[in-house]
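Undergrad: sequence-free structure coming up:
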């Protein structure tokens, strides 16, 4: 696949959740590629050339609005963010994730020529039995968030199977980078380390994750968007895995912090045990093979970039 971004030059792109961590990065990449971007978010958007912001709840968009906006692509990112937060109100989570996806699928199905890109979650896998996790690994989500994402995927893929929708599903794995909310593990550890405050691990921190730097993820997301196949699912993840304890040590090392890494046996700092996923190790072989996806930013480099942004005062959380 040669220069996948050329497909976006002169295109019109709608992004729901455009002011969030991933959404705002996606806006920047698409503007750089020459797209006209229409963002929808309850928060204020950017004021960059080529960007149009619709302030408000994405669920208020109608089919007539969609026809008027004439998108070539629609990236659906709007969602409740955070597994613990989402689990506090499962009904609201299901409505926000599944209900809005159903609405957008029905609208896009009525408008010709729109490529629908659904950003799901690796939470749909729950605790897998075999590693690495591939797209055909059984889906056994533990949390209300993961269950709603799984069911939303089903809505998208069923519409694709019925030839009502040209769509693709992308499953991100532990995306991190400048702009991520402070309550996510990498951002939280960096803030603690830069303040020389101890980094606390729950249960030893031996849970393993495949970490994905934001630039690698957006690259994979855009490649999936221009892929010619419909009804496809792609894992998009980084090139390296690490335990949470290893991540903490890298952050202390890269920051030059005087902080220590300590372990506690408590659930107050992490997820409740019934929704905790011990290990999440991804395979991106399908994306590598079909999308020419080649993630290149390792954990140490990604952490170093985040620390540099933070020290320059640019780590604005979304």
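TA: On my side now, so go ahead. Keep in mind that this is a model prediction, so the values were computed, not measured.
Undergrad: residues in contact with the helix-or-strand element of the chain with minimal mean pLDDT?
TA: Here the helix or strand of the chain ranked lowest by mean pLDDT, DSSP states H and E is helix 83-87, holding a mean of 71. With contacts defined as Cβ atoms under 8 Å, 6 or more residues apart in numbering, helix 83-87 is touched by 80, 93, 97, 123, 143-146, 148, 271-272, 275. (Glycine included, C-beta is placed from N, CA and C.)
Undergrad: try 7 Å
TA: With contacts defined as Cβ atoms under 7 Å, 6 or more residues apart in numbering, helix 83-87 is touched by 80, 93, 123, 143-145, 271, 275.
Undergrad: Which one of those residues is nearest to residue 210?
TA: residue 123 (13.3 Å; Cβ to Cβ).
Undergrad: what residue of the chain is the furthest out?
TA: Centroid-distance maximum for the chain: residue 258 at 31.8 Å, with Cα atoms, centre = their mean.
Undergrad: In which helix or strand does residue 13 reside?
TA: Using DSSP states H and E, residue 13 sits within strand 12-16.
Undergrad: Quick one: mean pLDDT for the helix or strand just after that strand?
TA: On the C-terminal side of strand 12-16, the closest following helix or strand by DSSP H and E is helix 21-32. If you average the pLDDT over helix 21-32, you get 97.
Undergrad: Helix 21-32: what's the following helix or strand?
TA: Next along from helix 21-32, by DSSP H and E: strand 36-41.
Undergrad: how distant is that following strand from the center of its chain?
TA: The chain centroid and the centroid of strand 36-41 are separated by 17 Å, computed with Cα atoms, centre = their mean, to the nearest Å.
Undergrad: pLDDT averaged over it - what is it?
TA: What strand 36-41 shows for mean pLDDT is 97.
Undergrad: Same question for stretch 140-156.
TA: 96.
Undergrad: Give me the buried positions along that stretch.
TA: Across stretch 140-156, burial judged by 16 or more other Cβ atoms under 10 Å covers 141-153, 155-156.
Undergrad: now swap in stretch 96-116 and tell me
TA: In stretch 96-116, counting by 16+ other Cβ under 10 Å, buried: 96-98, 100-101, 103-105, 107-109, 114-116.
Undergrad: okay, the angle between the helix or strand hosting residue 219 and strand 12-16?
TA: Assigned by DSSP H and E, residue 219 belongs to helix 214-226. Following axes from the mean of the first three to the mean of the last three Cα atoms, to 10 degrees, one obtains 120 degrees for the angle between helix 214-226 and strand 12-16.
Undergrad: What about the contacts of helix 83-87, which are in helices?
TA: Taking DSSP state H as the definition of helices, the contacts of helix 83-87 contribute 93, 144-145.
Undergrad: could you pull out the helices for the stretch 201-318 of the chain?
TA: 214-226, 244-255, 285-291, 299-311 (DSSP state H, counting those that start in this stretch).
Undergrad: TSV for the ones you listed, including mean neighbour count, distance to residue 71 and mean pLDDT?
TA: Below are these laid out as TSV (neighbours: other Cβ atoms under 10 Å; distance: least, Cβ to Cβ, whole Å; pLDDT from 0 to 100):
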stretch	mean neighbour count	distance to residue 71	mean pLDDT
helix 214-226	23	12	98
helix 244-255	21	38	98
helix 285-291	17	21	98
helix 299-311	19	31	96
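Undergrad: May I see those helices arranged in CSV, with distance to residue 176 as well?
TA: Putting these into CSV (distance: least, Cβ to Cβ, whole Å) gives the following:
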stretch, distance to residue 176
helix 214-226, 7
helix 244-255, 9
helix 285-291, 18
helix 299-311, 7
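Undergrad: what's near enough to touch residue 291?
TA: 1, 220, 223-224, 227, 234.
Undergrad: hmm, 10 Å instead?
TA: Residue 291 is in contact with 1, 4, 219-227, 232, 234, 236, 284, counting by Cβ atoms under 10 Å, 6 or more residues apart in numbering.
Undergrad: Looking at these, spot the one nearest residue 50.
TA: For these, the nearest to residue 50 is residue 222 (15.9 Å; Cβ to Cβ).
Undergrad: residues in contact with the closest one?
TA: Counting by Cβ under 10 Å, 6+ apart, residue 222 makes contact with 4-5, 7-8, 26, 29-30, 33, 35, 73, 75, 117, 170, 291, 293.
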